[in-house]
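Participant: Need coordinates for the following:
(one chain, ligands or ions: 1)
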Amino acid sequence: VLSHPLRPLLLTAARSQRLERGLTRMPATRRVVDRFVAGATRDSALPAVRELLRQNKFVSIDYLGEDTTEPAQARRVVDQYLALIEVLAGLPAPDSEATARPLEVSLKLSALGQALPGDGHAVALGNARIVAAAADAVGLWVTVDAENHTTTDSTLSIVRELRQHHPETVGTVLQAYLLRTEADCHAFAAEGARIRLCKGAYREPESVAFQRPAEVSASYLRCLRILMAGKGYPMVATHDPEMIETAALLATAAGRGRDEFEFQMLYGVRPAEQDRLVRLGQRMRVYVPFGDQWYGYLVRRMAERPANLSFFLRAATAQ
Ligand code: FDA
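Facilitator: Numbers count the residues shown, from 1 in each chain. Predicted coordinates:
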């Protein structure tokens, strides 16, 4: 387990352009980036998306933006999403089924302006409305990612606003490590929402989040039970064999068919397990990030939670 003192070092590294240039030129870095990021541009990411669809996997695509510090930057992110939605709408996807859409975009509200001083919440809501309407018009799903806990109230209230107009299109992420999440699962399950349940990737204080892996896993399973028993569509986002096995059992116990929930994993992580689940007839969606801001993305994910460094290293060396 990596110790906390690495964090300031990684955060400094995430901002260093010299280090970024140096690392980018190293073949080993390229291999790690290529493993976890589908391409630097929309067009270069498309072959990976097509290949996943050909393998009967569903896809969620995330544009890697930097932390948005001005409104114009947020608008550029919106434009990226609108162009992405247009391209995805033209892709030959597996037959769209009654209960799921094969193509989805994942959205970070921080990239849409949520952290702007003053009216960040309103700016992010306005921008997310534009993206949700465009996705809805062409039959794509939108899932709003979960970020650090200081944004959760704002994010979930924006999700509820969006769902008023696009209840079938918009879903969100809940993080099992947060103490509040069981209650959020109850509320969203009763509302019939589409919820991606993950463990949570940020470094959070004890006052708001479980710290021990066993506590996080126990919370994950409690949340999953609530979502499976509820009226919504659960999306089981994990690479953990114990969570995967129990999810399938809980779904059966709740009387859900294989088309009434789905598994999700990150691009490049446990591809053989992804294939196994597809062979079993389970729905499997792969989260595919693209964009040239991969450096900040990968290093910051590791800094937020140093355990992520070992997560990426393990995935990079696993078969
Ligand atoms: P975890 O890392 O806890 O590992 C548990 C066990 O799984 C390991 O002990 C090992 O047995 C097995 N395992 C894991 N990785 C393996 C590998 N590469 N090879 C072999 N075995 C492996 N987070 C967030 O805060 N907000 C968000 O919006 C999202 N969105 C999101 C979408 C999707 C589709 C996924 C899959 C994940 C996210 N996450 C996220 C990240 C999530 O919160 C979490 O940090 C990671 O998924 C890691 O947790 P796991 O449950 O995968 O297993």
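
Participant: Next one, pLDDT for the nearest residue to P92 once chain neighbours are set aside please.
Facilitator: Using CB to CB, 6 or more residues apart in numbering and skipping the chain neighbours, the partner closest in space to P92 is L53 (7.5 Å). Just so you know, the C-beta spots here come from the backbone N, C-alpha and C atoms, and that holds for glycine as well. If you check L53, the pLDDT there is 94.

Participant: Tell me, how many residues neighbour L53?
Facilitator: 18 (other CB atoms under 10 Å).

Participant: That one against P102, yeah?
Facilitator: Yes. Contact criterion CB atoms under 8 Å: L53 and P102 qualify, at 6.7 Å.

Participant: And the residue nearest to P92, which helix or strand is it part of?
Facilitator: helix 42-54 (DSSP states H and E).

Participant: Residue of the stretch 1-150 of the chain nearest the ligand, please.
Facilitator: D145 (3.5 Å; CB to the nearest ligand atom).

Participant: Enumerate every residue touching that residue.
Facilitator: D62, S106, L107, K108, L109, V173 (CB atoms under 8 Å, 6 or more residues apart in numbering).

Participant: For the strand or helix carrying V142, name the packing helices and strands.
Facilitator: Element membership for V142, per DSSP H and E: strand 141-144. Applying 3 or more CB pairs under 8 Å, 6 or more residues apart in numbering; DSSP states H and E, one finds that strand 141-144 makes contact with strand 103-107, helix 120-137, helix 152-165, strand 170-175, strand 194-198.

Participant: change it to 10 Å
Facilitator: The criterion is 3 or more CB pairs under 10 Å, 6 or more residues apart in numbering; DSSP states H and E, and the helices and strands that strand 141-144 contacts are strand 58-63, strand 103-107, helix 120-137, helix 152-165, strand 170-175, strand 194-198, strand 233-237, strand 284-290.

Participant: In this structure the residue nearest to P92 contacts V59, no?
Facilitator: Yes. Contact criterion CB atoms under 10 Å: L53 and V59 qualify, at 6.4 Å.

Participant: Hmm, E260 is touching L227, no?
Facilitator: No. Assessed by CB under 10 Å, E260 is found out of contact with L227, at 11.1 Å.

Participant: more crowded one of those two?
Facilitator: Each of E260 and L227 has its neighbours counted (other CB under 10 Å); L227 has more, 28 against 16.

Participant: which bits of the stretch 101-250 of the chain sit near the ligand?
Facilitator: 145-146, 173, 175, 198-202, 237-241, 243 (CB under 6 Å from any ligand atom).

Participant: Using CSV, write down the CA coordinates of stretch 166-186.
Facilitator: The C-alpha trace of stretch 166-186 is given here as CSV (Å, rounded to 0.1, in the frame of the first residue of the first chain):
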residue,chain,number,x,y,z
HIS,A,166,-34.8,13.4,-19.7
PRO,A,167,-35.7,10.7,-17.2
GLU,A,168,-34.7,7.9,-19.6
THR,A,169,-31.5,9.5,-20.7
VAL,A,170,-29.8,10.8,-17.6
GLY,A,171,-28.3,8.7,-14.8
THR,A,172,-25.5,9.2,-12.3
VAL,A,173,-22.8,7.7,-10.2
LEU,A,174,-22.9,7.0,-6.5
GLN,A,175,-19.7,6.1,-4.5
ALA,A,176,-20.0,3.4,-1.9
TYR,A,177,-17.3,4.8,0.3
LEU,A,178,-19.4,7.8,1.2
LEU,A,179,-21.3,7.4,4.4
ARG,A,180,-24.3,9.2,2.8
THR,A,181,-24.6,6.8,-0.2
GLU,A,182,-26.9,4.2,1.2
ALA,A,183,-29.5,6.9,1.8
ASP,A,184,-28.9,8.2,-1.7
CYS,A,185,-29.3,4.7,-3.1
HIS,A,186,-32.7,4.4,-1.4
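
Participant: from the chain's centre, how far out does that stretch sit?
Facilitator: 13 Å (CA atoms, centre = their mean, to the nearest Å).

Participant: how about that stretch: buried residues?
Facilitator: Across stretch 166-186, burial judged by 16 or more other CB atoms under 10 Å covers 166, 169-178, 181, 184-185.

Participant: Outline the domain layout of the chain.
Facilitator: 1-36+293-319, 38-290 (automatic domain parsing).

Participant: average pLDDT for the first one?
Facilitator: This means domain 1-36+293-319. Per-residue scores along domain 1-36+293-319 average to 72.

Participant: can I assume L178 is in contact with L197?
Facilitator: No. Using CB under 10 Å, L178 is not in contact with L197; the gap is 11.3 Å.

Participant: Mind listing the shared neighbours of those two?
Facilitator: Both L178 and L197 are in contact with A146, S219, C223, where contact means CB atoms under 10 Å, 6 or more residues apart in numbering.

Participant: just checking, what packs against the one helix or strand the last one maps to?
Facilitator: In this structure, C223 is located in helix 213-229 according to DSSP H and E. With contacts defined as 3+ CB pairs under 10 Å, 6+ apart, the secondary structure elements packing on helix 213-229 are strand 170-175, helix 181-191, strand 194-198, strand 233-237, helix 241-253.
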